[in-house]
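Participant: Provided below are the primary sequence and the corresponding predicted coordinates.
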Amino acid sequence: MASLVTLLRDMCYPTPQELGLAARALADEHPGEVRLRQAGTSRSGRPIWVLSVAATPPAGPAGTRVPADGGDPDGGAGSPDPADGADGPGGGGGGGGGGRNVLVVAGAHANEPVGGATALSLARRLLRDPAPRAGCGWHFLLCADPDGAALHRTPRPYSLLDYHRYFFRPPGPEQPEWAPSLLPADRLPPETLALLALIDELRPVLQVSLHATDLGGSWVQLTRDIPGLAEPFAKSAADLRIPVENGASDAAGWPSPGPGIFVIPEPGSEAAGAFHPEDTRLSTWYHAHRYDGTTAIVEVPMWASDLVDDPAPHPDPRGALRMLAGRLTADAALVAEARERARSRDRPGPGAHDDPAAAPLLRAVDWTLALIPRIAVEWTGPGAPAEATAAYIASIDAFGRRLSLRAAAMLLRVLRAEGHPAAPGLDRLVTGWCEEFAARFGARWIPVATQVEHQSRTVLAAYARLVAAGPSTGRA
C-alpha cells in the first residue's frame, strides 16, 4: 500500500480502505500512544474506524509533568501506563481519567474526501509535537460514511469533469451528520448512531468536522464562537494561497467575527438553515453541546477561486439573484426531463437494475431536484438582500451551478450503466457545465497536501484558542 506521503504527493485522496491500513500501521508503530478500534458498522457492513492518540500528562509548576491521576511524575507508584486511557470513554486517551478530548470527524460527506488524509496527518503531527496532547486525547473518526465514499470514486481528480464522472453525495436523510435533523430517532442510520455514541463516550470539548467544497474558498462554521480563531485561519489561508470565502452561501446572514468565520445563530433565529431543509442545530454538530462542547466545521476547496474572496459591494444583488434563480430553474428542468425519460422505461437495458449503485444515485438525484424550487423562491423572495458583496453573489452562483451539475452527474452514471439513449446528451450537458463552471471562476487546483495542511493548521488553532479562552467558551 502506498504511504500517506506518497498519496498526497501524487494528488490522491486515500480511500477508506487505505485510511484503515495506514491507521493500523500507525497504531503498530506507536502501540503505547495510538490505538485503532472499530466504532461501528455501515449499512453495507463496512467498518467505521476510530484512531485515538493518547493524552500526555499536563504540565505542572515550572514545566514538570503531572500524571492525569495525580501520581508520581517520575514513574513511581501511581504513575499511569502510557497505554492506559486508550480503551474507555473519558479523559486523556479515552480512559475516564477526567482530561479533555477532541473528536475529529472525516468523511461525513462522500464527495469531500480530504478529511481522512487530514485526520491521519494530524495524528502523525501530534506524535511529533505532543504539546496539544497535554491533558487531552485526540480521536479521529476516519470516515463517517464508508458506503458513500465507496460510491464517490474519484481518488485522483484532474479536472471538475473528472471529479463529477463518478460523483456521489447521498440525500440528506442518509448523511451521518444531517440525519438527526430529518429523521425520527428510531430511524437513524447506523453511521449516525456510531457517531452519536462516540460523542456520548468522549464528551469532547471540541468536535471538528472536516469538509470540502469542489470550487471556491475556505471558511469555518462554529456552533459557538472561538475568540481569536480568525487571525490564524486567515494567516494559514494567505500562506497557502487559498482564498477565504467571506460570503459563504451556507452561512448567509450568520454572525461573522472575522473573514471566513461564521457562527451558527442562536435557537429561534430564522437564519439557521439558509437554503437547506435541514435544521443545523438538530445535526450531530450540536450533540457535543450536551457536554459543554463546541463544534467547528472546517471547509477547504479542491479548486480555488478568487471571486469568493472579493469584499467589494455588488452593484445589483437582487437582479443578480433573479438571474441566478432563473438559470438554476432552467438547468434543473433539463435534468428533470432526463430523469423522467429514465423513469419511463421499466427495463432500459439488460441488467440495468442489477447495478447496486443505481438506487442510491437515483435517490440522491431526486432529493437534489426537489430542493431546487424552494431555493429559487428564496433567492427571489422578499428576504433577498438589497445589499451584498461580490463574494456573496459569487458563492450563490457557485452553489446553484453545483446543485444542477451534481444531479446531472449522478443521473448520468445510472444512464451510462444502463445504455440509456439519453446518456450521450446528458454527457454533453455535464461536460459543458463543468467547463463553464471552471472558466467562470478561474478554477485553480489546490494540491491535496496543501488542503490537508490548511485544515490541520485550522484544527490545531481552533483547539489552542478554545483552551486559551477558558471554560466559558464551551458552555451553553
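Facilitator: Nice, thanks for sending it over. Numbers count the residues shown, from 1 in each chain.
Participant: run through the strands of this structure in chain order.
Facilitator: Shown for the chain, the strands assigned by DSSP state E span residues 34-41, 47-53, 100-105, 136-141, 206-216, 219-222, 261-263, 294-304, 444-445.
Participant: what about stretch 147-160, how long is it end to end?
Facilitator: This stretch, stretch 147-160, spans 22 Å end to end (CA to CA, to the nearest Å).
Participant: would you mark the buried spots in that stretch?
Facilitator: If you call a residue buried by 16 or more other CB atoms under 10 Å, then stretch 147-160 has these buried ones: 147, 148, 149, 150, 151, 152, 154, 155, 157, 160. From N, CA and C alone the C-beta is placed, and that goes for glycine too.
Participant: with stretch 326-341 instead?
Facilitator: 328, 329, 331, 332, 334, 335, 336, 338, 339, 341.
Participant: for the residues you listed, which one is nearest residue 223?
Facilitator: Checking the buried residues of stretch 326-341 against residue 223 with CB to CB, the nearest one is residue 328 at 29.2 Å.
Participant: how far away is the closest one from residue 111?
Facilitator: Per CB to CB, to the nearest Å, residue 328 is found 19 Å from residue 111.
Participant: of the strands of the chain, which is nearest residue 373?
Facilitator: strand 206-216 (22.9 Å).
Participant: helices and strands around that closest one, which ones?
Facilitator: Packed against strand 206-216 by the contact rule (3 or more CB pairs under 8 Å, 6 or more residues apart in numbering; DSSP states H and E) you find strand 100-105, helix 114-128, helix 160-165, strand 294-304, helix 390-418, helix 423-441, helix 448-469.
Participant: if you set the cut-off to 6 Å instead, what comes out?
Facilitator: strand 100-105, helix 114-128, strand 294-304, helix 448-469 (3 or more CB pairs under 6 Å, 6 or more residues apart in numbering; DSSP states H and E).
Participant: from the chain's centre, how far out is that strand? Work that out for me.
Facilitator: Centroid separation between strand 206-216 and its chain, computed with CA atoms, centre = their mean, to the nearest Å, is 4 Å.
Participant: and what of stretch 213-233?
Facilitator: Here stretch 213-233 is found 12 Å from its chain centre; the criterion is CA atoms, centre = their mean.
Participant: before we move on, what about stretch 423-432?
Facilitator: Centroid displacement of stretch 423-432 relative to its chain, using CA atoms, centre = their mean, is 28 Å.
Participant: before we move on, what about stretch 143-159?
Facilitator: The answer for stretch 143-159 is 13 Å, by CA atoms, centre = their mean.
Participant: could I get the contacting residues of residue 115?
Facilitator: Contact analysis of residue 115 by CB atoms under 6 Å, 6 or more residues apart in numbering lists 106, 107, 210.
Participant: before we move on, the earlier item: select, out of the strands of the chain, the one closest to residue 26.
Facilitator: Closest among the strands of the chain, using CB to CB: strand 34-41, at 5.5 Å.
Participant: for the closest one, packing partners?
Facilitator: Strand 34-41 sits against helix 16-29, strand 47-53, helix 190-202, with contacts defined as 3+ CB pairs under 6 Å, 6+ apart.
Participant: just the buried residues of it, please?
Facilitator: For strand 34-41, the neighbour count (16+ other CB under 10 Å) marks 34, 35, 36, 37, 39, 40 as buried.
Participant: could you dump those to JSON lines with pLDDT and distance to residue 407?
Facilitator: As requested, the buried residues of strand 34-41 are exported to JSON lines (pLDDT from 0 to 100; distance: CB to CB, whole Å):
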{"residue": "34", "pLDDT": "98", "distance to residue 407": "41"}
{"residue": "35", "pLDDT": "98", "distance to residue 407": "41"}
{"residue": "36", "pLDDT": "98", "distance to residue 407": "37"}
{"residue": "37", "pLDDT": "98", "distance to residue 407": "37"}
{"residue": "39", "pLDDT": "97", "distance to residue 407": "32"}
{"residue": "40", "pLDDT": "97", "distance to residue 407": "30"}
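Participant: can I get stretch 117-137 in PDB, CA atoms only?
Facilitator: Coordinates of the C-alpha atoms in stretch 117-137 are reproduced here as PDB (Å, rounded to 0.1, in the frame of the first residue of the first chain):
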ATOM      1  CA  ALA A 117      -6.000  12.500   4.800                       C
ATOM      2  CA  THR A 118      -6.100  15.400   7.200                       C
ATOM      3  CA  ALA A 119      -7.000  13.100  10.100                       C
ATOM      4  CA  LEU A 120      -4.000  10.900   9.500                       C
ATOM      5  CA  SER A 121      -1.700  13.800   9.000                       C
ATOM      6  CA  LEU A 122      -2.900  15.400  12.300                       C
ATOM      7  CA  ALA A 123      -2.400  12.100  14.200                       C
ATOM      8  CA  ARG A 124       1.200  12.000  12.900                       C
ATOM      9  CA  ARG A 125       1.800  15.600  13.700                       C
ATOM     10  CA  LEU A 126       0.600  15.100  17.300                       C
ATOM     11  CA  LEU A 127       3.100  12.300  17.700                       C
ATOM     12  CA  ARG A 128       5.900  14.600  16.500                       C
ATOM     13  CA  ASP A 129       4.700  17.600  18.600                       C
ATOM     14  CA  PRO A 130       2.700  16.300  21.600                       C
ATOM     15  CA  ALA A 131       2.100  19.800  23.100                       C
ATOM     16  CA  PRO A 132      -1.700  19.800  22.100                       C
ATOM     17  CA  ARG A 133      -1.900  16.300  23.800                       C
ATOM     18  CA  ALA A 134      -1.100  17.700  27.200                       C
ATOM     19  CA  GLY A 135      -4.100  16.500  29.200                       C
ATOM     20  CA  CYS A 136      -6.100  15.900  26.000                       C
ATOM     21  CA  GLY A 137      -6.800  12.800  24.000                       C
END
